[in-house]
Each structure stands twice: as C-alpha cells, then as structure tokens.
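Student: Next input, structure requested:
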Amino acid sequence: MNKKAPRTTPQKRTPKAHSHTARSTKKLMTSLSSLFISVQYEDIDEMVKSTLSLIGEFLKADRSYIFEFNDDRTLMDNTHEWCREGIEPQIDFLKGLPTDMFPFLMERIQGNETLMIPRISELPPEAAAEKDVLEAQNIKSLIIIPLASGKSSFGYIGLDAVAKEMVWGNDTALALTFAGGIIANALQRQRAEKCIHAELDLAIRLNASTSFHETLRFCLEAAISVSGMDCGGIYLFNKERQELSLTYQIGLSDEFVREEGLYPADSKQLKLILAGKPVYHHYRNTSSADRESVRREQLLAIGIIPITSKGEVIGNLNVASHTLYQVPEYSRKALESVTAHIGAAIMQARHQEEIAAARSNFELLFDTIDDLLFIVDKEGTVIHTNETTQKRLGYSAEEIHGRHVLDFHPTDQRDEAKANVEAMLAGKGDTCRVPLQTAEGTLIPVETRITAAKLNNQPVLFGISRDISERLLSEQSLTESEQRFRQLTDNLPLPLFEINTEGIVTYGNKKSSEVFGYTPEEFADSFSIFRIAIPEEAQKAQKNMAIMARGERSSNNHEVHRHPQRRNNIPARPLQLFNHNKRPILWSQRGLSGLDRCQKSRGDHPEHGHQRTDGQGVPDSD
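Tutor: Residues are numbered from 1 along each chain as shown. The predicted structure follows:
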C-alpha cells in the first residue's frame, strides 16, 4: 500500500533498544506470514482473531479489532475483536454505526493513512466527535490501520490502550502496515472463496435435486449463506396473470407470508422486479413498510435480486435480516453471482416437475383404463404396461417388462401378429385380431391397435388391446338369429326382401326370385331395390324409402315391375318391417283392394295407426 507518513510522537531510543524492537518486529511479521500460508478459507476468521491477538500482545494494547464498512461506507460493523484479560468486549454493541459520526477518522482511512494517536486528549478540534466517543470508552491511545482492496478501503484495524497511554515508533507502523495487508488479503480471499464454494456447493446440490421444491430450497439457502442474511423468499412471476407469488421462504412468520405472499400486476413491487435491477436498502424504505405485519416482522436490511432466464425476468430472490441494517457490499456481488445461476435451475426444475406431473396423470389414466395397454421399444421389447394388462395376463410388471411383445400371443399366430403390426405402421391396416395368451395358456380375444410415438425422446409403440369376447358372443348370437330368421322367411308364400339403408338388397327369399324373375345371385350382386320400380315412379319409390328411413310410415302407392322378360307391372304399397337387428325388410303385395279389405277386417288399416310393418309392397305370386 502507498502510505502517508504515520502520525506519531517521536521517541529517542538507544541503538540497543532499536535493535531489539527491529528483531521483535521481524519476528511478528514472520509469525503473521506463517499463519496465512496454507490456511483454508473457512479457517480465516480464526486466523484473523489470532493475528489480532499477536498484534495486541506485541504492542501491549488492551483491545484490537476490525471494522468493516457496509452500504457504500455509510455504516460500519465491528466484525472481529481481541481483548486483554480484564477488558470488557465491545463487539456486540458496535453494529451498524453511521460512519458520518467519525468524519476525522473516515477522511484518513479513505486516504489510506495509518493513524497513531498516543494521547486521545490531544486530538485536534476537528476530531471532537471521535474524541467524545473514545473518551466515553476510557480509551487513552489508539492506532488505526486501513484495510483496502486495491485503492478502495473496506474497513480498518484498530488497537486501543485502555489501562495507560502508549507511545509507538515508526517500526511499529511498518509492522502494522504489513499486518493490515495480510489481513486485508485474507478477508478478500475469504469473501471470494466463500462465493466460489457456495456456487460449487449449489451446483452439486442442484444436480442431485429430486423436486422443484427442493431446488428452490437449495437456491434460497445458498443466497442466505453468501449474503449473511437470516431469512428470505423466492417469488415466481406468473406471466399469464401478471403477478408475483411467494413460492418458497425461510425464516419468515406466517403472518408476514400471508400479507406479502402475492404482488398483483399493479403493485410497485412487481414493477420494481420487472425493471431487472438489484435493489438493496432498509426495509423501512420499501413500499410495504407501513403494513402492520411488516412492522411486527422487524426486518432491517433487505436485498431484492431479479431472477432471469434467457433474458426474461421469471421471479425474484429476496434476502433480509432481522439483525443487520444493510446487506454488506461484498455480499451483494456474491449474492448476484449465485442468483445468476438460479434462473436456469428453476426453469429446469419446473419443467421436470411439469413432466413428472404429466407422467403421473398419464400413468393414472393408464392404470384406470380397462383395455390392455403396452408400450414397447423399437425392438419390440415391452417397457411399460398398465395394471389391467398385468391382472388379465396373470404376470407381474417385472415378469412382463423386458420380454418381447410377441411372447404374449399364441406361438402359431406370432407371425400373423407381426405382419398385422407392420401393416398398421405402414398405414395398410387398422387392427390386429390375434388373441393374447395368459400365463395359464388361456386365450383372450382382442382387437389391437398400434400407434407410433415418442417417450423420453425415444421412439416407442403404444398398443391398445381391447377384449372383444362379449362382442364376438354378440356377433355369434346375431348370426344365429339371422340364420333362424332367414330359415323362417325363406319358405313364406309372399316375396320378402332384406335391404340396407341405401336400398341395396342384402337378402331375398325364394318367393322374391319366383315373383320378380331374378336369381338369388342377381339379388346378391349389389341389387338396388329401385330396379323393380317403373322408371316414371322411381322418384316416388325413393321418397317412400326416405320416409321409411326416418322411421315413419308411408301410404303412397307406386308400381313395380318384374324382370324385363316379365314386364307386367304390379301395384304396391310400401310397408316397413324391421328385424331384431333393425335392418329394414321390403314387402310388396298385388291387388291392393284385396289387401285393404283384409287389413280392415283385422282392424289394422294404416289409417287406423295399427300397421306394425313397413317395407315396399309385395305382389301376388301370380
């Protein structure tokens, strides 16, 4: 350091005395150097205390101490102290002292000047403030050694003589200057290494974090540690709602959290955070200071640091203290450095939590579906199944996972299953009806659909197998019923057609071939029922069909004709009849007047509303 000449009272010393002092000074300097050669940063505080003890003993002082400046040198705290036995410690009473109380002292410290004051009583008038404070503590002599980083002072070492006045020589000033440099370097190193260790520790903990909540806790704990604060919280910004909400906190009361847990879009706090600049001040200067809950919390220093990710503010990290009046200057850089790493970690943790929630919801849905679900990799190995699959097949998850999906089909049908899956993936097939086989060998009729997708950025196949046992039974029952129905109608003396909703004949009994002159093969070859309508009445026939398709009854007459070789026309009335499968049936009848008489005699004339069939008239067999 570039020092001004220390202020001291000249002393005449014999060469012998001078030689002794020089040796003692050299010994002190050697001792000080050895203390910090290989000290770990976490042991630096103890080494500083040892240094203060060595200096105090060497100079026969009663108290040696260190003050460090805060808040741009407007405040100072007594951070380290050594006292001779019998001297009352003062460190607990000397926190947050305004530096403007000591203008004479601060001017010389900022000028990097060592002060040696043998008699406090002889301080000049401009040091009146300092004189009053020192005399109140019964201090008789004083030495002040600035602590600086580069050209900027961040504190000082002080030595007091309380029992009696002390006079020190120039060699003492040199030793103290040397000691000041060692301590300043050690404290700066401690601060830098504390920040580095905090960042490394945070990185390790974040890498091992298992939840979003844990990530927030690690981040806030690191911030509180490097800043020297005792409480804090992380607010996250909801872009959609334009509000800040307190997501995680340490050391704050429930009442405070309720009152300060949400900042809406029009709040000063949100506008301050979105400005993207760190803010440090006393809590009484915040916009929330007038709230009763804030006053009861008794917060003093506060730091508000925006959290950013990819250039956007995503929240803020607040640290505060119930005991410190200001966030220390050196802590601010460390705090901002740690916070710079938090944004990406929070976004990643939030993303992972969203993925986990989606996965949980997916698995919940997965396990509540009655269908058998498989997820297989590109090699066909099963990597996941739902509970239904495990229960129906009679295997545990461990027994299924890791096996090839074809293992759960009958051996003689695996090639068919493979071909069906390949066809579906190529867009040439819809389903696979190869059954699944249980652990006991029972076959489960299924209809399987396959979809290609990605899971954890890896290609997979999703397979959904639906049990179609009941459907097959129903289809079998329907087929048997239709067979019985056709057996009953095939020998009726009247022609009968079964048609679909498009008017295509799906079945005609023997009489229909006999009457209309078409063979069963012709009826089976996409035969339209409108072919038997005469051309001029085809539109009326289609209208009748549309009415019947709506489930209504039509009494409109139209004529039909037989095969071209049997061209005589037949008057017909549309009558609608549905079989048990709701498939329409066509009937036609020749001689409407005779049919009307028959219906009236039975009391079921269409006008009376008792007609229970609808179809297209049935001609006589003549």
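
Student: what's the nearest residue to residue 72 if we skip its chain neighbours?
Tutor: The shortest distance from residue 72 to any non-neighbouring residue, by Cβ to Cβ, 6 or more residues apart in numbering, is to residue 329 (6.8 Å). No exception for glycine: its C-beta is placed from N, CA and C like everyone else's.

Student: Residue 327 too?
Tutor: residue 303 (4.4 Å).

Student: Could you give the bridge partners of that neighbour?
Tutor: Taking DSSP bridges, one finds residue 280, residue 319 as the beta-bridge partners of residue 303.

Student: What pLDDT does the model give it?
Tutor: Note for residue 303: predicted pLDDT of 91.

Student: Now do the same contact list for it.
Tutor: By Cβ atoms under 8 Å, 6 or more residues apart in numbering, the contact list for residue 303 reads 227, 229, 278, 279, 280, 318, 319, 320, 327, 332, 335.

Student: Got the phi and psi for residue 369?
Tutor: phi -80, psi 140 (degrees, to the nearest 10).

Student: Distance from the chain centre to the helix or strand harbouring residue 460, please.
Tutor: For residue 460, the host element (DSSP states H and E) is strand 458-467. Mean-position distance between strand 458-467 and its chain equals 27 Å (Cα atoms, centre = their mean, to the nearest Å).

Student: Follow the chain on from it and name the next helix or strand.
Tutor: helix 469-489.

Student: For residue 91, grab the count of nearby residues.
Tutor: The burial metric for residue 91, expressed as a neighbour count using other Cβ atoms under 10 Å, is 17.

Student: which stretches of the stretch 1-150 of the chain have low pLDDT?
Tutor: 1-25, 28, 34-35, 37, 71 (pLDDT under 70).

Student: Now do the helices in it.
Tutor: For the stretch 1-150 of the chain, the helices defined by DSSP state H, counting those that start in this stretch cover 15-35, 44-58, 103-110, 128-136.

Student: tell me which strands and helices the shortest one is in contact with?
Tutor: I take that to be helix 103-110. helix 128-136, strand 141-149, strand 152-161 (3 or more Cβ pairs under 8 Å, 6 or more residues apart in numbering; DSSP states H and E).

Student: As CSV, those with mean neighbour count and distance to residue 409 would be great.
Tutor: As requested, these are exported to CSV (neighbours: other Cβ atoms under 10 Å; distance: least, Cβ to Cβ, whole Å):
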stretch, mean neighbour count, distance to residue 409
helix 128-136, 15, 93
strand 141-149, 23, 76
strand 152-161, 23, 77
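
Student: In a markdown table: these, plus distance to residue 199.
Tutor: Output for the helices and strands packed on helix 103-110, formatted as a markdown table (distance: least, Cβ to Cβ, whole Å):
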| stretch | distance to residue 199 |
| --- | --- |
| helix 128-136 | 40 |
| strand 141-149 | 20 |
| strand 152-161 | 22 |
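
Student: related to what we said a few turns ago, minimum distance to residue 471: which of the helices of the stretch 1-150 of the chain has it?
Tutor: The closest of the helices of the stretch 1-150 of the chain to residue 471 is helix 44-58. By Cβ to Cβ, the value is 79.4 Å.

Student: just to revisit the earlier point, now, which of the contacts of residue 303 sits nearest residue 395?
Tutor: Residue 395 lies nearest to residue 318 out of the contacts of residue 303, by Cβ to Cβ, at 53.7 Å.

Student: Next, the contact list for that closest one, please.
Tutor: 232, 233, 234, 235, 302, 303, 304, 305.

Student: Tell me which stretches of the stretch 301-450 of the chain form strands.
Tutor: With DSSP state E, counting those that start in this stretch as the criterion, the stretch 301-450 of the chain has strands at 301-309, 312-320, 372-377, 382-385, 436-437, 443-444, 446-455.

Student: what sits against the residue nearest to the spatial centre of the chain?
Tutor: The chain has residue 350 as the residue nearest its centroid, 2.4 Å off, counting by Cα atoms, centre = their mean. By Cβ under 8 Å, 6+ apart, residue 350 lies in contact with residue 212.

Student: Now do it against residue 342, distance only.
Tutor: Distance of residue 350 to residue 342, computed by Cβ to Cβ, to the nearest Å: 12 Å.

Student: So if we follow the domain assignment, how does this structure break up?
Tutor: With domains defined by automatic domain parsing, the chain comprises 15-193, 209-354, 369-467, 483-608.

Student: Of those domains, which shows the lowest average pLDDT?
Tutor: Among the domains of the chain, domain 483-608 carries the lowest mean pLDDT (a mean of 67).

Student: follow-up on the earlier one: quick one, which of the contacts of residue 303 are buried?
Tutor: Taking 16 or more other Cβ atoms under 10 Å as the criterion, what is buried in the contacts of residue 303 is 227, 229, 279, 280, 318, 319, 320, 327, 332, 335.

Student: The second one and residue 317 touch, don't they?
Tutor: Put plainly, it is residue 229. No: using Cβ atoms under 8 Å, residue 229 is not in contact with residue 317, being 10.8 Å away.

Student: Could you tell me which residues touch both of the two?
Tutor: Taking Cβ under 8 Å, 6+ apart as the criterion, residue 229 and residue 317 both touch residue 223.

Student: any chance you could read off phi and psi for the nearest residue to residue 520 once chain neighbours are set aside?
Tutor: Leaving aside its sequence neighbours, residue 520 sits nearest to residue 513 (Cβ to Cβ, 6+ apart; 5.8 Å). Here the main-chain torsion angles of residue 513 (degrees, to the nearest 10) amount to phi -70, psi -40.

Student: List the buried residues of the strand holding residue 460.
Tutor: 460, 461, 463, 464, 465, 467.

Student: Of all pairs in those residues, which one is the farthest apart?
Tutor: Farthest pair in the buried residues of strand 458-467, by Cβ to Cβ: 460 and 467, 23.0 Å.

Student: and residue 395, what does it touch?
Tutor: residue 439.

Student: ok, it to residue 451 distance?
Tutor: 23 Å.

Student: Equivalent analysis for residue 380, please.
Tutor: 15 Å.

Student: more crowded one of those two?
Tutor: residue 380 (14 against 11).

Student: Make a markdown table out of the strands of the stretch 301-450 of the chain and add distance to residue 404.
Tutor: What follows is these, written out as a markdown table (distance: least, Cβ to Cβ, whole Å):
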| stretch | distance to residue 404 |
| --- | --- |
| strand 301-309 | 44 |
| strand 312-320 | 46 |
| strand 372-377 | 8 |
| strand 382-385 | 7 |
| strand 436-437 | 13 |
| strand 443-444 | 18 |
| strand 446-455 | 15 |
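
Student: Skipping its backbone neighbours, what lies nearest residue 78 in space?
Tutor: Spatially, and ignoring its direct neighbours in sequence, residue 78 is nearest to residue 94 (3.7 Å; Cβ to Cβ, 6+ apart).

Student: residue contacts, the closest residue to residue 460 other than its chain neighbours?
Tutor: Nearest residue to residue 460 in three dimensions, chain neighbours excluded: residue 375, at 5.4 Å (Cβ to Cβ, 6+ apart). If you count contacts by Cβ under 8 Å, 6+ apart, residue 375 has them with 382, 383, 384, 385, 455, 460, 461, 462, 463.

Student: Nearest to residue 219 among those residues?
Tutor: Distances from residue 219 to the contacts of residue 375, taken by Cβ to Cβ, are shortest for residue 455, at 30.2 Å.

Student: if I look at the closest one, how far off is residue 347?
Tutor: To residue 347, residue 455 is 22 Å away according to Cβ to Cβ.

Student: Next, the contact list for residue 414, please.
Tutor: In this structure, residue 414 makes contact with 406, 434, judged by Cβ under 8 Å, 6+ apart.

Student: Can I take it that residue 194 is in a strand?
Tutor: No: applying DSSP: H, G, I helix; E, B strand; the rest coil, one finds residue 194 to be helix, outside a strand.

Student: thought it was touching residue 41?
Tutor: Yes: contact criterion Cβ under 8 Å: residue 194 and residue 41 qualify, at 6.4 Å.

Student: can you give me the helices for the stretch 151-300 of the chain?
Tutor: With DSSP H, counting those that start in this stretch as the criterion, the stretch 151-300 of the chain has helices at 170-208, 212-227, 254-260, 268-274, 292-297.
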